[in-house]
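Novice: Can you look at this prediction? I've put the sequence above it.
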Amino acid sequence: MKPLQTLTSSHLTKRFSDLKWRFLLLFVMPISLLLFFFIASTGGGVFAENNPFRYLNNLKSLKFFFDDPKRLVNANDPNVTVTELKRSRIAVCLVGGARRFEVTGPSIVEKVLEEYPNADLFVNSPLDNNSYKFSVLKSAPRIAAVRIFTPAELPESETAVRVLTSSNSPKGIQGLLQYFNLVEGCLTMIKSYQQQNNFTYNWIVRTRVDGYWSNPLLPDLFIPGHYVVPSGSSYNGLNDRFGVGEFNTSVAALSRLSMLPELDSAGFHELNSESAFQAQLKLRNVSYLTKRIPFCIVSDRMYEFPPKRFGVPVADIASKGPLSGVKCRPCTSVFSTRWAEAVVNGLDRQWSWTESTNGTLRLCDGHGEWEHGWETLFDKVAGKKLAAVRKRVSGLSFERCVEDFEEMRRRSVWDAPHTAELCQPVR
């Protein structure tokens with residue numbers, strides 16, 4: 001019996017030892033795996049670059065993407081979101097005369113200002129018989145400052161005459177100076193407002209009164225470190241019909257008048273608006289990007305049709321787009337998109353060419369005046385809401401005009417004639 005007892009005791013001791021190691025392995029293995037995952041996901045060097053577990057860290061980002069589907073995709077700062085952009089300080093600079101503002105204004109309110117309800121609107125415009133149409137802006141979420149001034153001729157200095165050219169400018173060098181003064185005047189308004197309120201804007205959006213927006217201003221155009229302008233219609237420079245950038249890049253872009261002496265000193269001469277714009281960005285070392293942007297410039301001007309190599313295309317406002325600031329009007333276009341693409345591709349790519357692939361552009365015969373019944377064509381394209389605003393402006397009463405402007409005056413820094421004077425044309 002004793003040998004059997006000894007064997008049993010030895011066997012039990014061995015089993016106990018085996019169990020002890022198993023329990024130890026069960027305890028150590030999970031801890032080892034946890035340590036491995038931790039090092040794999042937080043370590044540096046090659047291990048961090050190539051291990052597959054680093055993607056576990058993206059689960060939180062993936063959840064955030066689905067929480068915020070309008071996430072801003074930005075190669076420079078992939079963590080910027082629409083939510084963060086809408087918490088930023090944004091100035092929208094709106095410049096130009098109000099000739100067709102019953103057509104363009106409602107789209108600017110809906111597709112730009114209401115998309116960024118935190119944005120402050122700045123208006124800089126010469127007084128004319130259409131200025132009463134700015135009453136449309138009463139519905140803008142925020143109005144910081146309005147300047148409507150009596151235009152006066154600007155001195156054409158020797159510097160301006162050397163730097164600029166009157167070629168292809170409807171009003172010559174004077175027209176360019178007036179335009180530059182409008183743009184830089186808006187920048188002056190923004191700087192003054194900042195100083196009065198002790199803050200600095202993160203972004204400045206500069207657009208034109210005569211721009212019709214077919215779709216919203218997208219957040220992926222706000223790109224840190226770059227000034228974004230429309231593609232096409234470059235006229236040997238950069239398309240200057242729209243721009244968005246951070247404050248410092250915008251200062252360089254909007255200093256159209258005050259930079260003329262610098263351009264002169266740097267040897268830039270006989271420039272049109274677009275080539276002067278490109279030159280001033282280069283002088284200030286501003287990086288710029290061109291993007292397709294969903295707006296066009298509503299114009300009453302007449303152009304040769306069909307446009308030749310250096311001609312100007314006039315798009316049907318109903319075109320799919322994005323039109324990136326090309327000239328446009330409402331029209332009954334009888335020309336196919338394929339034919340329009342062939343015509344536009346025959347234009348000089350460094351001049352008036354614009355993107356027209358995949359049926360995105362239809363052409364109007366722009367050699368004459370707007371066709372009879374354009375209102376019906378426009379209303380169909382714009383939709384019921386914007387069509388209703390156009391009709392309201394067309395039938396605006398003097399009393400309603402004054403009332404709308406008085407509300408705007410109470411909400412803003414007002415530098416404009418008396419509201420009754422602005423509304424005089426509809427009296």
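Specialist: Structure received. Residues are numbered from 1 along each chain as shown.
Novice: burial of Thr200, as a residue count?
Specialist: 12 (other CB atoms under 10 Å). C-beta: built from backbone N, CA, C; applies to glycine.
Novice: dump the residue contacts of it.
Specialist: Going by CB atoms under 8 Å, 6 or more residues apart in numbering, Thr200 touches 89, 194, 247.
Novice: Closest one of these to Ser255?
Specialist: Ser255 has its nearest neighbour among the contacts of Thr200 in Phe247, at 12.5 Å by CB to CB.
Novice: Tell me how far the closest one lies from Ser265.
Specialist: Applying CB to CB, to the nearest Å, the value for Phe247 to Ser265 is 25 Å.
Novice: between the two, which one's more packed in?
Specialist: Between Phe247 and Ser265, counting by other CB under 10 Å, Phe247 is the more crowded of the two (16 against 11).
Novice: wait, isn't that one in contact with Lys191?
Specialist: No: taking contacts as CB atoms under 8 Å, Phe247 lies outside contact range of Lys191: 9.6 Å.
Novice: hey, what's in contact with both of the two?
Specialist: In contact with both Phe247 and Lys191: no residue, using CB under 8 Å, 6+ apart.
Novice: one step back: let me have the contacts of Thr200 in CSV, extended by pLDDT and distance to Leu154.
Specialist: CSV is the format used below for the contacts of Thr200 (pLDDT from 0 to 100; distance: CB to CB, whole Å):
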residue, pLDDT, distance to Leu154
Arg89, 97, 31
Gln194, 98, 26
Phe247, 97, 26
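Novice: Helix, strand or coil: sort out the closest residue in space to His367 that isn't next to it in sequence for me.
Specialist: Distances taken as CB to CB, 6 or more residues apart in numbering place Phe305 nearest to His367, at 4.4 Å, with adjacent residues excluded. Secondary structure, DSSP: H, G, I helix; E, B strand; the rest coil: Phe305 is coil.
Novice: for Phe305, what are its contacts?
Specialist: 314, 363, 365-367.
Novice: quick one: least confident helix or strand in the protein?
Specialist: In the chain, the helix or strand scored least confidently by mean pLDDT, DSSP states H and E is helix 58-67, which has a mean of 32.
Novice: and the helix or strand encompassing Cys328, what's its mean pLDDT?
Specialist: Per DSSP states H and E, Cys328 falls inside strand 327-329. Throughout strand 327-329, pLDDT has a mean value of 98.
Novice: That one pairs with which strands, parallel or anti?
Specialist: Sheet pairing for strand 327-329, assigned by DSSP bridges, gives strand 295-298 (parallel), strand 314-316 (parallel).
Novice: from those, which stretch is densest packed?
Specialist: Of all the strands paired with strand 327-329, strand 295-298 carries the top mean neighbour count, a mean of 27, counting by mean count of other CB atoms under 10 Å.
Novice: and it, C-alpha only, in CSV?
Specialist: C-alpha atoms of strand 295-298 as CSV (Å, rounded to 0.1, in the frame of the first residue of the first chain):
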residue,chain,number,x,y,z
PHE,A,295,-22.4,80.5,-59.1
CYS,A,296,-22.5,82.6,-62.3
ILE,A,297,-22.4,86.3,-63.0
VAL,A,298,-25.8,87.6,-64.2
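Novice: before we move on, back to that, which residues are contacting the strand holding Cys328?
Specialist: Counting by CB under 8 Å, 6+ apart, 212, 296-301, 303, 312-317, 319, 364, 366, 370, 374 sit against strand 327-329.
Novice: Would you confirm that Pro117 contacts Ser139?
Specialist: No: contact criterion CB under 8 Å: Pro117 and Ser139 do not qualify, at 11.5 Å.
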